[in-house]
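Engineer: here you go, sequence then predicted model.
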Amino acid sequence: MNEGFIVLVLIGVLVAFLVAPVLTPPPIAHFEILNPQESYVAPAIISVVSKTENVARLEWDFGDGTKVLNEKATTHTYCFDSDEARVFTIKLTVWDRFGRTSQASKDVTITPAPAPTVRAIQTNPPIAGVLEPLTVLRCSAEVEQWGGPDIVVNSYEWILMKRGSPNIVQKQTGKSVEFKVRPPSGDYDLILTVTNNACRKAVWHSQLRVGEVKRANIGSFIASPEQSDYYPAKVSISWTATHPQDSGPLRYSLDWDGEGGESPIYGTFSGSFSSEYTYTAPGTYNVILRVWSPELGMDESVAEARKTITIKPSTHFLMPAWAPAQPSGTTATTARIAFVFRDEQRPTYFEICVGTLKIVNDRVVPEFEYEPYFTLGTEGRATNLCPSWDAEGKRLVIMSDQNGQPSTTTDLYIISQKEVSTQLTYFNGSATAAFPFWTSKGDILFCSNENKLSSELYSIPATDFYIQELQRSPIPEITLKGPFDIYKLNPATGTKTAVVSFVAYNASWPAADPTNKWLAFELKGDIYVASLEGFNKDIGVIKSSPWRETYPRWNPKFNEWLAFMQYRDGRWQVVIYNIRTKEEARLETIVATDVAFPSWSADGRYLICQIKKREGWRLAVWTVLDSTGKLKEVRDYVELIPVSKK
């Protein structure tokens, strides 16, 4: 394109821009009132229209704060609350496309309409007296309005406000309204403002007094039990409560731990309520109940009651033994678990108990009901330990010091829930029978320091795990002398046969495999095996490591798996170990420092152990194998919640 032509075009545009405003006349603002009168009566409706030409935009200003933009014609209604006529100036401002402006104005006179008159106010109940909190105050107004049919009352606004406290206010609208009188108590103003469609107002004002807020009444407050000999302890709290000024539901907070404990529990109730809580540690707890009316507020209407709950010191659940021949199936399974119960209130008393473990859809149910099975000796002193079931799961063999001797020797006893105990060994202080294990064949394996297998007499202090390492646990300190040999005993005939003996070393914690051919035991801190079909026959080591291993237990179904205890890094762990594949895993917990005394379920899938927590030894169950005997993830476990049936 020719550059000269472009220059000519630009010059033409510039000339047009400069010349156009000169050639176009500026706007002249002009408008008309379509219904002109000398005076208007509110509510006055005035219509206006602009007659201005060449307008790019415009603005209407009606003189009462109302402005309208870019409307050529518009309508405005004047109303105000005054007894005097008022003059308003209507202004029209216009602009053309060049920014030039013009303005026109006209005055209009508006005469006010008559104001409404409040003739009467009715309240129920009368506001002359003192009103109780939560009283329903019904108010209605009688109002007159003059000025013709076009003037009508269109607004009733009621305000109930505490004098001197503008933030405490209730508002209602309507000719008839209801207020619920709320705290705080004191003097209140009741104000009605009536407005008509001409913006005229009438105000009515009165005063009333709100009485004092009464507090809730806690009728009964019961804790059961208020004292527990065992824990975890489930405590139930129940109460009844009313409020003299509020018949509706009440709010409560229940603090089970007292000041400084866990956060309180909040809720709503009517008349009565109850709640339960499980204490997992001993101590004295101050239970605090607070009840109040949500309508009246906690600060004004709260009532408080307290109860002292005493949970006695630790109880311990030790040395679990899973009964054989339990029902099988994944839908619902129950199993009997024998264990040793110790109450620190009675430190020399160890009781044999049996509980019922439930497994539903392959999941262990935490609640574990138990009861005493059989007690040897008096409750003042009885050391009954190491329960082991017979093949039918009906009787137990235990070691006990109820032979009349000091707690340095023990004998073996067969016990059942309904039969008198049978004493199997009668060393009576001359030797010890300990650590019994009832085989599926019916024999009882046990350890003894009778020392009849050697020509020498031994009184070497035993280095057995039971004597030294478990002194840090609730197992009693019994000063047993070694070395220990392992025997096999026929409980029906009393025939005793030696199985292994190592002269100066302890052979302890015997356990037979499901075939009753092999014996696993601890020797010098390692797990050994020997044949049950001879004396010191086919002895070999199963598991040896730098750490101490003890208490072996064969899996009753998958006999290649062995569970045992290992003392490592200052604490006890339970290890499961596959004799053939050398595969192993450790059972550990986050909440416990030690895991000890494993016992397999009858189907070989679960292990129950004792775990050491701050509040004492508890029982926990792991799922370790699947139905085919393959190792599962062993991190997950269920801690049992013992519930005494006593």
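Structural biologist: Ah, there it is. All figures in this text were calculated on a predicted structure; none of them were measured in a lab.
Engineer: and the strands in the stretch 451-600 of the chain, which stretches?
Structural biologist: 460-461, 481-482, 485-489, 496-500, 507-512, 518-523, 526-531, 540-543, 548-554, 561-568, 571-578, 584-587, 594-600 (DSSP state E, counting those that start in this stretch).
Engineer: mean neighbour count added to those, as JSON lines?
Structural biologist: (Glycine included, C-beta is placed from N, CA and C.) Shown next, in JSON lines, are the strands of the stretch 451-600 of the chain (neighbours: other Cβ atoms under 10 Å):
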{"stretch": "strand 460-461", "mean neighbour count": "12"}
{"stretch": "strand 481-482", "mean neighbour count": "20"}
{"stretch": "strand 485-489", "mean neighbour count": "23"}
{"stretch": "strand 496-500", "mean neighbour count": "18"}
{"stretch": "strand 507-512", "mean neighbour count": "25"}
{"stretch": "strand 518-523", "mean neighbour count": "24"}
{"stretch": "strand 526-531", "mean neighbour count": "20"}
{"stretch": "strand 540-543", "mean neighbour count": "14"}
{"stretch": "strand 548-554", "mean neighbour count": "23"}
{"stretch": "strand 561-568", "mean neighbour count": "22"}
{"stretch": "strand 571-578", "mean neighbour count": "21"}
{"stretch": "strand 584-587", "mean neighbour count": "16"}
{"stretch": "strand 594-600", "mean neighbour count": "25"}
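Engineer: and of those, who's closest to residue 382?
Structural biologist: Proximity to residue 382 (Cβ to Cβ) singles out strand 594-600 among those, at 19.6 Å.
Engineer: export that closest one to PDB, keeping only CA atoms.
Structural biologist: Only the C-alpha atoms of strand 594-600 are listed here, as PDB (Å, rounded to 0.1, in the frame of the first residue of the first chain):
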ATOM      1  CA  ASP A 594       7.300 -57.700  76.400                       C
ATOM      2  CA  VAL A 595       5.500 -60.600  74.700                       C
ATOM      3  CA  ALA A 596       5.800 -64.000  76.500                       C
ATOM      4  CA  PHE A 597       4.400 -67.500  76.900                       C
ATOM      5  CA  PRO A 598       2.900 -68.400  73.500                       C
ATOM      6  CA  SER A 599       0.100 -71.000  73.200                       C
ATOM      7  CA  TRP A 600      -1.300 -72.300  69.900                       C
END
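Engineer: which helices and strands sit right next to the next helix or strand after it?
Structural biologist: For strand 594-600, the succeeding helix or strand toward the C-terminus, using DSSP states H and E, is strand 606-613. Applying 3 or more Cβ pairs under 8 Å, 6 or more residues apart in numbering; DSSP states H and E, one finds that strand 606-613 contacts strand 315-322, strand 571-578, strand 594-600, strand 616-623.
Engineer: ok, and for the following helix or strand past the first one, which residues are buried?
Structural biologist: Put plainly, it is strand 315-322. Later in the chain than strand 315-322, the nearest helix or strand by DSSP H and E is strand 332-343. Using 16 or more other Cβ atoms under 10 Å as the test for burial, strand 332-343 gives 333, 335, 336, 337, 338, 339, 340, 341, 342, 343.
Engineer: pLDDT and distance to residue 276 for the residues you listed - can I get that in CSV?
Structural biologist: Output for these, formatted as CSV (pLDDT from 0 to 100; distance: Cβ to Cβ, whole Å):
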residue, pLDDT, distance to residue 276
333, 80, 27
335, 90, 26
336, 92, 27
337, 94, 25
338, 94, 29
339, 94, 25
340, 91, 29
341, 89, 24
342, 84, 26
343, 77, 23
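Engineer: now the residues you listed as JSON lines including distance to residue 179?
Structural biologist: As requested, the buried residues of strand 332-343 are arranged in JSON lines below (distance: Cβ to Cβ, whole Å):
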{"residue": "333", "distance to residue 179": "64"}
{"residue": "335", "distance to residue 179": "66"}
{"residue": "336", "distance to residue 179": "67"}
{"residue": "337", "distance to residue 179": "65"}
{"residue": "338", "distance to residue 179": "70"}
{"residue": "339", "distance to residue 179": "66"}
{"residue": "340", "distance to residue 179": "69"}
{"residue": "341", "distance to residue 179": "64"}
{"residue": "342", "distance to residue 179": "66"}
{"residue": "343", "distance to residue 179": "62"}
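Engineer: which among those residues gets closest to residue 612?
Structural biologist: When these are compared against residue 612 (criterion: Cβ to Cβ), the nearest one is residue 342, at 12.8 Å.
Engineer: next up, the contacts around the spatially closest residue to the closest one that is not a sequence neighbour.
Structural biologist: Distances taken as Cβ to Cβ, 6 or more residues apart in numbering place residue 316 nearest to residue 342, at 4.3 Å, with adjacent residues excluded. Residues near residue 316 by Cβ atoms under 8 Å, 6 or more residues apart in numbering: 340, 341, 342, 343, 344, 474, 616, 617.
Engineer: closest to residue 189 among these?
Structural biologist: Looking across the contacts of residue 316 and measuring by Cβ to Cβ, the closest to residue 189 is residue 616, at 65.1 Å.
Engineer: remind me what the one helix or strand residue 195 maps to packs against, helices and strands.
Structural biologist: According to DSSP H and E, residue 195 maps onto strand 186-196. Helices and strands touching strand 186-196, by 3+ Cβ pairs under 8 Å, 6+ apart, are strand 117-124, strand 136-144, strand 153-162, strand 201-210.
Engineer: can you tell me what sits against it?
Structural biologist: 113, 115-116, 118, 121, 123, 127, 139, 141, 143, 145, 151-163, 201-210.
Engineer: buried ones among the residues you listed?
Structural biologist: 113, 115-116, 118, 121, 123, 127, 139, 141, 143, 145, 151, 153, 156-162, 202, 204, 208, 210.
Engineer: picking up where we left off before, tell me the two of the contacts of residue 316 that are most distant?
Structural biologist: Most distant of these, by Cβ to Cβ, are 340 and 344, 13.5 Å apart.
Engineer: okay, domains of this structure per the record?
Structural biologist: 25-111, 117-210, 217-311, 315-644 (automatic domain parsing).
Engineer: what mean pLDDT does the third one have?
Structural biologist: Computed over domain 217-311, the mean pLDDT rounds to 89.
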